[in-house]
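**Q** model the following, please.
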Amino acid sequence: MALIVHKYGGTSMGSTERIRNVAKRVAKWARAGHQMVVVPSAMSGETNRILGLAKELFPGVNTSASDRELDMIASTGEQVSVGLLALALQAEGLEAVSYTGWQVPVKTDSSYTKARIESIDDVRVRADLAAGKVVVITGFQGIDDDGHITTLGRGGSDTSAVAIAAAMKAAECLIYTDVDGVYTTDPRVVPEARRLQTISFEEMLEMASLGSKVLQIRSVEFAGKYRVPLRVLSSFTDWNIDINEEARSGTLITFEEDVNMEQAVVSGIAFNRDEAKVTVMGVPDKPGIAYQILGEVAEANIDVDVIIQNVSHDGKTDFSFTVHRNDYARTMDLLKNKVAPATGALTVLGDPKICKVSIVGIGMRSHVGVASKMFRTLSEEGINIMMITTSEIKTSVVIDEKYMELAVRALHKAFDLEEPAGAAA
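**A** Numbers count the residues shown, from 1 in each chain. Next up is the predicted model:
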């Protein structure tokens, strides 16, 4: 049979009872003849708890040295999870062994708290699988060239699972979560949101980058780069569901050429309320001004999203961009105290109460008028658009945060996303 990777989130591992259910589900797949590698997250709330202890002891955690210690601390949550799950699997009568990332090893760079995977040595894991064992590996972490434990950032267990599946050329990587797949939008905002049976990697990458919280964006990047079939499904269905039915459930994230030609023009609506807008007013309109502004922002390790430069007037222009809301205060301080004096800008304005709403779909490539339909829909709801950015398969707008849910509901209805693909006229 096939080599399958299962990944379970923190909610799925949230209690001994849930861990038993995970073990029973994994055992079912193993008894069906599959070689099984399992990547669990820490028990829900555990990482926050132990990092909270660190912040109590050292409130000013912000140095590379302290980041190393934070990774040492944060990695323990997953170590507990893999040990508990291996014991639960043994209680099911299976041979099971657990490994931390450094034992495999999963090699990363040295960017503590946000490391990137560089290589995975699968020799040890393959030997155990060949011996009939279920292998349980910590997600979220690895080891750098100097032997220091590193972590991959929040949601890193998704990335670990997909990277392991890629390294081992697994037949499929199943991501078990507390939702039963990828939806056209968040069902908490639009109750009529529909679960998608399939979505292309390209669409999922856009959805993840634009605010969908189902998968960490780096895990989707890995899956697309190494062409790992990826499925998102619920860990809260009965563990003894028929394995063939389970293997077809959830949402399959697949390649564009595999997607049904009758799929909708727009596949989903993504949104992100964690945005803030800043504007540098009255900067000289000359070559290099964008670099003068954004170069300083990049040096401060602040990610920039939507960027707009206005038409020049009297040799001056306005330069606007968005950042994560957590970086807003730091960005404003940098722009006012360093960038504005250096560039001769007149003033710096900011708005931390904005959001980004996006429509995504590979069908947009072959249909005209999609963006105009989006703009008309928002206009009919009295929603003003502050900024616009587009790509081949997405259009995003920045609007006032208070209109976010109204915008999402209106767009979801306008693009007939309650209906199955191909059903709407």
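
**Q** and residue 413, what element?
**A** Using DSSP states H and E, residue 413 maps to helix 404-414.

**Q** could you do residue 181 as well?
**A** Applying DSSP H and E, one finds residue 181 in no helix or strand.

**Q** please verify my assumption that it contacts residue 230.
**A** No: applying Cβ atoms under 8 Å, one finds residue 181 not in contact with residue 230, separated by 11.6 Å. C-beta here means a position set from N, CA and C on the backbone, and glycine is covered the same way.

**Q** tell me which of the two has more neighbours.
**A** Neighbours were counted for residue 181 and for residue 230 using other Cβ atoms under 10 Å; residue 230 has more, 28 against 21.

**Q** can you show me the strands along the stretch 251-400 of the chain?
**A** 251-254, 268-284, 304-309, 316-324, 347-360, 387-391, 394-400 (DSSP state E, counting those that start in this stretch).

**Q** include distance to residue 104 and mean pLDDT when you put the ones you listed into a markdown table, please.
**A** Putting the strands of the stretch 251-400 of the chain into a markdown table (distance: least, Cβ to Cβ, whole Å; pLDDT from 0 to 100) gives the following:
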| stretch | distance to residue 104 | mean pLDDT |
| --- | --- | --- |
| strand 251-254 | 25 | 90 |
| strand 268-284 | 33 | 94 |
| strand 304-309 | 35 | 90 |
| strand 316-324 | 32 | 94 |
| strand 347-360 | 35 | 95 |
| strand 387-391 | 36 | 91 |
| strand 394-400 | 36 | 95 |
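
**Q** reformat those strands as a markdown table; add distance to residue 194.
**A** A markdown table is the format used below for the strands of the stretch 251-400 of the chain (distance: least, Cβ to Cβ, whole Å):
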| stretch | distance to residue 194 |
| --- | --- |
| strand 251-254 | 11 |
| strand 268-284 | 9 |
| strand 304-309 | 28 |
| strand 316-324 | 29 |
| strand 347-360 | 14 |
| strand 387-391 | 24 |
| strand 394-400 | 19 |
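
**Q** let's have those strands in JSON lines, adding distance to residue 336 and mean neighbour count.
**A** Shown next, in JSON lines, are the strands of the stretch 251-400 of the chain (distance: least, Cβ to Cβ, whole Å; neighbours: other Cβ atoms under 10 Å):
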{"stretch": "strand 251-254", "distance to residue 336": "43", "mean neighbour count": "23"}
{"stretch": "strand 268-284", "distance to residue 336": "10", "mean neighbour count": "21"}
{"stretch": "strand 304-309", "distance to residue 336": "17", "mean neighbour count": "17"}
{"stretch": "strand 316-324", "distance to residue 336": "14", "mean neighbour count": "21"}
{"stretch": "strand 347-360", "distance to residue 336": "5", "mean neighbour count": "21"}
{"stretch": "strand 387-391", "distance to residue 336": "21", "mean neighbour count": "15"}
{"stretch": "strand 394-400", "distance to residue 336": "21", "mean neighbour count": "22"}
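
**Q** and of those strands, who's closest to residue 92?
**A** strand 251-254 (27.6 Å; Cβ to Cβ).

**Q** helices or strands up against the closest one?
**A** Packing partners of strand 251-254 (3 or more Cβ pairs under 8 Å, 6 or more residues apart in numbering; DSSP states H and E): strand 198-200, helix 201-209, strand 230-234.

**Q** which other helices and strands does the last one contact?
**A** Here strand 230-234 touches strand 172-177, helix 217-226, strand 251-254, going by 3+ Cβ pairs under 8 Å, 6+ apart.

**Q** closest one to residue 49 among the ones you listed?
**A** Of all the helices and strands packed on strand 230-234, strand 172-177 comes closest under Cβ to Cβ, at 20.9 Å.

**Q** now do that closest one against strand 230-234, angle only.
**A** 30 degrees (axes from the mean of the first three to the mean of the last three Cα atoms, to 10 degrees).

**Q** and strand 172-177, which strands flank it?
**A** strand 3-8 (parallel), strand 230-234 (parallel) (DSSP bridges).

**Q** residues making contact with that strand?
**A** Residues outside strand 172-177 that contact it (Cβ atoms under 8 Å, 6 or more residues apart in numbering) are 2, 4-9, 11-12, 22, 25, 158, 161-162, 165, 214-215, 219, 223, 228-235, 250.

**Q** 6 Å instead?
**A** For strand 172-177, the external contacting residues (Cβ atoms under 6 Å, 6 or more residues apart in numbering) are 4-9, 12, 161-162, 165, 228-232, 235.

**Q** picking up where we left off before, just put the helices and strands packed on strand 251-254 in CSV and tack on mean pLDDT.
**A** Formatted as CSV, the helices and strands packed on strand 251-254 follow (pLDDT from 0 to 100):
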stretch, mean pLDDT
strand 198-200, 90
helix 201-209, 87
strand 230-234, 94
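
**Q** quick one: closest of the ones you listed to residue 291.
**A** helix 201-209 (23.6 Å).

**Q** for the closest one, what is the distance to the chain centroid?
**A** 9 Å (Cα atoms, centre = their mean, to the nearest Å).

**Q** which helices and strands sit right next to it?
**A** helix 217-226, strand 347-360 (3 or more Cβ pairs under 6 Å, 6 or more residues apart in numbering; DSSP states H and E).

**Q** so which of these is nearest residue 152?
**A** Nearest to residue 152, of these and by Cβ to Cβ, is helix 217-226 at 7.5 Å.

**Q** list the buried residues for the closest one?
**A** 217-224 (16 or more other Cβ atoms under 10 Å).

**Q** try stretch 77-90
**A** Of all the residues in stretch 77-90, those buried under the rule 16+ other Cβ under 10 Å are 77-79, 81-82, 84-89.

**Q** try stretch 407-420
**A** Of the residues in stretch 407-420, those buried (16+ other Cβ under 10 Å) are 407-412, 414-417.

**Q** now, which of those residues sits nearest residue 196?
**A** Closest approach to residue 196 among those (Cβ to Cβ): residue 417, at 9.6 Å.

**Q** what's the pLDDT at the closest one?
**A** You'll see residue 417 listed with a pLDDT of 92.

**Q** need the helices and strands packed on strand 230-234 in a markdown table with distance to residue 355, can you?
**A** Shown next, in a markdown table, are the helices and strands packed on strand 230-234 (distance: least, Cβ to Cβ, whole Å):
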| stretch | distance to residue 355 |
| --- | --- |
| strand 172-177 | 24 |
| helix 217-226 | 18 |
| strand 251-254 | 25 |
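
**Q** which stretch in those has the least confidence?
**A** Looking at those, the bottom one is helix 217-226 with a mean of 87.

**Q** quick check: angle from it to strand 172-177?
**A** Using the same axes, to 10 degrees: helix 217-226 against strand 172-177 is 170 degrees.
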